[in-house]
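Undergrad: Sequence first, predicted model second:
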Amino acid sequence: MMHQSIATISSPEFINLQPLDINPLMSKCEIKVLYVGENRNHSYITKDVAADMAKTLRGAPIVGYYKEENEDFADHGEQVIFDDEGIKFNCLTKPYGFVAPDAQVWFQEFEDTDEFGNKVTREYLMTTGYLWTGQFKEAKRVIEKGNNQSMELDEESLDGHWSTDSKTGMDFFIINDAIFSKLCILGEDVEPCFEGASVTAPQVSSSFSKVDNDFKQTLFTMMQDLKFALKEGGKDMENQEIIEETIIEPETEKVEEEVVEETEISEEAAAEAVEEEEAVAEESDSEESADGEEETPSEEESNEDEEEAIDEEIAVEEAIEDTDEVIEEAPAEEFSLEDYKELQTSFAALEEEVKELREFKNQVELKEKNDLINSFYMLGESDKADVKEHINEYSLEEIESKLCVICVKNKVNFDSDNKAENKETIEEDNSAITTFNIVDNESSVPAYISALRKTQNSKNN
């Protein structure tokens, strides 16, 4: 009895394989399958029909009939056997590889020359595949020297009709639809139906310029740094030309989401600080405040700056071209190895430019964080020690949130007129109520203090 193995209820644990994690005993090859139009076996395939048939190329086996005595492949390997049981048909070919499920498929023009020196341009249907060169040593010959190739169609799915060419009087079988059943490797002495059809090492496909996701992501990150530096350092910087000349994927919606997310974080931090202040205020029975609820100029300026920043981000994004669209829509023949090398050179130059701008960005962020910490002058150095120690780790919003919470925990009174008394109280007892004067210059009051004051006034009124 065969051993049984039954899957358990637990979920499977998948292995995260990368696209290039494939069997090293395989070799990639390139296949000229057929050309468009009439051919010498009196069949006719239009480009539209070839494009539909191409949908069945992926997964098709690559077969061959190898003859040891010739040290080369032969024909399709069809064998007819006559015996006492009658006539039998036998196939001598065996699989040597396959067309990968994710293989590239494309049309490419070639100039074919016949044995009389006549030249004709034909458009070939092409694809890529893999040969098991590690398992079958004869398959290495295909990669090293190249071989002719002849495709085979599934007879049951073949659809077409005969028609006579009025100019030549020749009959042609017009193929309307068919499924590829095999791609057969032929020997040098076997002439394929489609004269230039072959299986070789990658030639055309090796020159395709494919910008991978890591490259695009890196380039996009660099452009984000550029935009930040241009926004903070001034619009007249010469480096702004880089944005206008560089292709990168626009992500306007992403920028808007980031701005909204930052605003929500700031609002949550303020709300958290306000809730804690209300809880402490109820316990300490603090005095009622008579201050008004009018919005301060600093809040208006902050809102205007934020709206201006959003408009700036969106304007820059709209001016940048879509890399994915350019790469996917551009015909494969427009990309070459030289184009890719030129792109790499430009990328290296851009990376060098962005290196300095990243340093500038870090300096700007550090200055903003220090300015924010210094604006909490009502707190002692010990209160601000943690944020100063982790200034490079905390974001601007996290620093503001932490300092606001400390203000509430220290029971800061924002309505006192005696700043000197506050300072003396802090020095005598750090746990005592701290007061300071912010009435002298109302326009310089930070937005977070105005928010806390408004909440307290609303509660007391």
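TA: Yep, it's here. Numbering: from 1, shown residues only.
Undergrad: all helices in this structure, in order from the N-terminus.
TA: Using DSSP state H, the helices of the chain run over 47-53, 139-145, 213-233, 240-245, 252-284, 297-318, 323-329, 337-375, 381-389, 396-409, 419-428, 447-460.
Undergrad: mind giving me the domain ranges of this structure?
TA: 27-207, 213-460 (automatic domain parsing).
Undergrad: what's the least confident stretch among those?
TA: Mean pLDDT is lowest for domain 213-460 out of the domains of the chain, coming in at a mean of 63.
Undergrad: Look up the closest residue to residue 196, ignoring the ones flanking it.
TA: If the residues on either side of it in the chain are set aside, residue 196 comes closest to residue 112, at 4.8 Å by CB to CB, 6 or more residues apart in numbering. C-beta: built from backbone N, CA, C; applies to glycine.
Undergrad: How much space separates that neighbour from residue 189?
TA: 19 Å (CB to CB, to the nearest Å).
Undergrad: Could you do residue 27 as well?
TA: Taken as CB to CB, the span from residue 27 to residue 189 is 24 Å.
Undergrad: do residue 377 as well
TA: Residue 377 is 93 Å from residue 189, by CB to CB.
Undergrad: Over to residue 113?
TA: From residue 113 to residue 189 the distance is 19 Å (CB to CB).
Undergrad: And residue 401, by the same measure?
TA: Residue 401 is 80 Å from residue 189, by CB to CB.
Undergrad: Of those two, give the one with the bigger neighbour count.
TA: residue 401 (22 against 11; other CB atoms under 10 Å).
Undergrad: For stretch 380-398, buried residues please.
TA: By 16 or more other CB atoms under 10 Å, the buried positions in stretch 380-398 come out as 380, 383, 384, 387, 391, 394, 397.
Undergrad: contacting residues around the closest residue to the second one other than its chain neighbours?
TA: In this structure, residue 383 finds its nearest non-sequential neighbour in residue 406, 5.1 Å apart by CB to CB, 6+ apart. Residues in contact with residue 406 (CB atoms under 8 Å, 6 or more residues apart in numbering) are 376, 379, 383, 384.
Undergrad: any idea how far residue 406 lies from residue 395?
TA: Taking CB to CB, one finds residue 406 at 17 Å from residue 395.
Undergrad: same thing with residue 138?
TA: 63 Å.
Undergrad: what's the answer for residue 102, then?
TA: Residue 102 is 40 Å from residue 395, by CB to CB.
Undergrad: again, but for residue 113
TA: Distance from residue 113 to residue 395, by CB to CB: 67 Å.
Undergrad: ok, now residue 65?
TA: Taking CB to CB, one finds residue 65 at 68 Å from residue 395.
Undergrad: next one: residue 144
TA: In terms of CB to CB, residue 144 sits 58 Å off from residue 395.
Undergrad: which residue sits closest to residue 199 in space, ignoring its chain neighbours?
TA: Distances taken as CB to CB, 6+ apart place residue 149 nearest to residue 199, at 4.7 Å, with adjacent residues excluded.
Undergrad: Who are the contact partners of the one you found?
TA: Per CB under 8 Å, 6+ apart, neighbours of residue 149: 31, 32, 33, 183, 184, 185, 186, 192, 197, 198, 199.
Undergrad: For the longest strand belonging to the chain, buried residues please.
TA: In terms of residue count, the longest strand belonging to the chain (DSSP state E) is strand 119-131. Buried residues in strand 119-131, counted by 16+ other CB under 10 Å: 122, 124, 125, 126, 127, 128, 129, 130, 131.
Undergrad: Next: stretch 33-49.
TA: Quick answer for stretch 33-49 (16+ other CB under 10 Å): 33, 34, 35, 36, 38, 39, 43, 44, 45, 49.
Undergrad: same question, stretch 167-184
TA: So, applying 16+ other CB under 10 Å, buried residues of stretch 167-184: 172, 175, 178, 179, 180, 181, 182, 183, 184.
Undergrad: same question, stretch 370-383
TA: The neighbour-count check on stretch 370-383 (16+ other CB under 10 Å) flags 372, 373, 375, 376, 378, 379, 380, 383 as buried.
Undergrad: Output those residues in CSV; the columns should cover distance to residue 1.
TA: Listed next are those as CSV, based on distance: CB to CB, whole Å:
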residue, distance to residue 1
372, 75
373, 76
375, 80
376, 78
378, 83
379, 79
380, 81
383, 76
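Undergrad: And residue 36, how far from residue 55?
TA: From residue 36 to residue 55 the distance is 16 Å (CB to CB).
Undergrad: Oh, that last question was meant for residue 197, not what I typed.
TA: 19 Å.
Undergrad: which of these two has more neighbours?
TA: residue 197 (23 against 10).
Undergrad: these two touch, right, that one and residue 33?
TA: Yes - look at residue 197 against residue 33 with CB atoms under 8 Å: they come within range, at 6.6 Å.
Undergrad: Overlap in contacts, the two.
TA: Counting by CB under 8 Å, 6+ apart, the residues touching both residue 197 and residue 33 are 124, 149, 151.
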